[in-house]
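Student: Here is my input, please return the structure:
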Amino acid sequence: MNKLEEFSNHLSRYISVDDNYIYLLILSVLTVFIATLIKRIGIRLIKLIKNNYKEYSYTRSFKIIISLIEWITIFFIWDNYIKSIITLVSFISAAIAFSLRDIILNFFSGIYIKLKKPFQIEDRIQIGDLKGDVVNVTSMNFEVLEINDKEKGGQSTGIIITFPNSTIFSSPIKNYNKAFKYIWDEITINVPLDCDLKQTKSEIYKIVNNNQIIKAIPSKMKNQIRDAGGEYRIYYNKFEPIIYTKVEGNHIELQLRFLIHPKKMRYVESQLWNQILISQAQNKLTLYQE
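Tutor: Residues are numbered from 1 along each chain as shown. The predicted model follows:
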């Protein structure tokens, strides 16, 4: 008899519990302790990686592997008692299922998210009026770093919102990165009715087509749509920036439409407006003044 069995036998005399159960329980606690210790050491080592995405990915994978080994070990520890435990559980499973239905639904919704991938880490999504970037997905919930609306620049608010996984079945989810990385953005440029429209459009095209971020996107977008063609019926006839013209009251509205990554929208819009204002100061185009 080893020291652990002797301790279990001694302890059973005081608490009136079978020494075999005490022995197995102590082994289980030791297994959990050792697994927790290995996790902490492993995570500290992973933190030495100077790459946030790899650190996050490796940490999640490491935790899953250690947890799997931990539960398999506990299963083998209690192997001889599993049948009796299952018999006991069968009498209370209905009550547990009812009381834990939300947890069970979230768990299986988490499996659905992992398999079908309606969204992934770093995707920008919108649920109802809440919009943000997915920063974490667990077996029970997912977390989104909130961004404000487009009128405020679509920038991060620093607030993390937690959604239960079952949300994917109860609310429509907009994914800004599902099929491809880029979306269409538009800015409105108002010019006078008597302006030289051809010259004005030419100057605006020059500004947008010289933007280093925008001009690299059309070729990338074509490749992404080609790759997504087998799964989605999506096509565009034009990928380059385009200007739409509309007369509104006593001025002309020029709608400049271009492809952009959602997370770079505010920055690029600011660049475009800076160049438009410079062109106005150089008398290359005239903006409408109310």
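
Student: got any ranges where this protein has weak pLDDT?
Tutor: 1-19, 21, 52, 80-99, 150-154, 179, 222, 224-237 (pLDDT under 70).

Student: all strands of it, in order?
Tutor: 124-127, 130-137, 141-147, 156-164, 173-175, 183-192, 242-248, 251-260 (DSSP state E).

Student: Of these, give the one that comes closest to residue 103.
Tutor: Counting by CB to CB, residue 103 lies closest to strand 156-164 out of the strands of the chain; the figure is 9.3 Å. From N, CA and C alone the C-beta is placed, and that goes for glycine too.

Student: tell me the domain ranges of the protein?
Tutor: Domain ranges of the chain: 3-99, 114-175, 183-281, per automatic domain parsing.

Student: Relative to residue 289, which of these is closest?
Tutor: Closest of these to residue 289 is domain 183-281, at 8.1 Å (criterion: CB to CB).

Student: and residue 147, what does it touch?
Tutor: 124, 131-133, 154-157 (CB atoms under 8 Å, 6 or more residues apart in numbering).

Student: Tell me the one of those residues nearest residue 192?
Tutor: Using CB to CB, residue 154 is the member of these that lies nearest residue 192, at 30.2 Å.

Student: In TSV, list the domains of the chain along with distance to residue 290.
Tutor: Conversion of those to TSV gives the following (distance: least, CB to CB, whole Å):
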stretch	distance to residue 290
domain 3-99	46
domain 114-175	19
domain 183-281	8
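
Student: thinking again about what came up before, ranking the contacts of residue 147 by neighbours, who comes first?
Tutor: Counting neighbours by other CB atoms under 10 Å, the top entry in those is residue 124, with 23 neighbours.

Student: how near is it to residue 160?
Tutor: Plainly put, residue 124 is 14 Å away from residue 160 if you go by CB to CB, to the nearest Å.

Student: Distance to residue 286 for the strands of the chain - can I get that in CSV?
Tutor: Formatted as CSV, the strands of the chain follow (distance: least, CB to CB, whole Å):
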stretch, distance to residue 286
strand 124-127, 36
strand 130-137, 36
strand 141-147, 34
strand 156-164, 36
strand 173-175, 38
strand 183-192, 6
strand 242-248, 15
strand 251-260, 11
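
Student: and residue 283, which of those strands is closest to it?
Tutor: Of these, the one closest to residue 283 (CB to CB) turns out to be strand 183-192, at 13.3 Å.

Student: Give me the angle between the closest one and strand 251-260.
Tutor: Angle between the axes of strand 183-192 and strand 251-260 is 160 degrees (criterion: axes from the mean of the first three to the mean of the last three CA atoms, to 10 degrees).

Student: So in that sheet, which strands flank strand 183-192, and in what orientation?
Tutor: Sheet pairing of strand 183-192 (DSSP bridges) gives strand 251-260 (antiparallel).

Student: next one: the strand it pairs with to chain centre, how far?
Tutor: Relative to the centre of its chain, strand 251-260 is centred 30 Å away, using CA atoms, centre = their mean, to the nearest Å.

Student: again with stretch 123-130
Tutor: Relative to the chain's own centre, stretch 123-130 is displaced by 10 Å; criterion: CA atoms, centre = their mean.

Student: neighbouring contacts of that stretch?
Tutor: Against stretch 123-130 from outside (CB under 8 Å, 6+ apart): 119, 131-134, 144, 146-147, 161, 163, 167, 171-178, 262-263.

Student: Tell me the buried residues in it?
Tutor: By neighbour count with 16 or more other CB atoms under 10 Å, stretch 123-130 contains the buried residues 123-127.

Student: same deal with stretch 270-287?
Tutor: So, applying 16+ other CB under 10 Å, buried residues of stretch 270-287: 271-272, 275-276, 279, 284-285.

Student: Now tell me what touches it from outside.
Tutor: By CB under 8 Å, 6+ apart, stretch 270-287 touches 187, 189-192, 195, 199-200, 203-204, 207-208, 210-211, 213, 256.

Student: of all the buried residues of stretch 123-130, which comes closest to residue 76?
Tutor: Using CB to CB, those come closest to residue 76 at residue 123, 39.1 Å.
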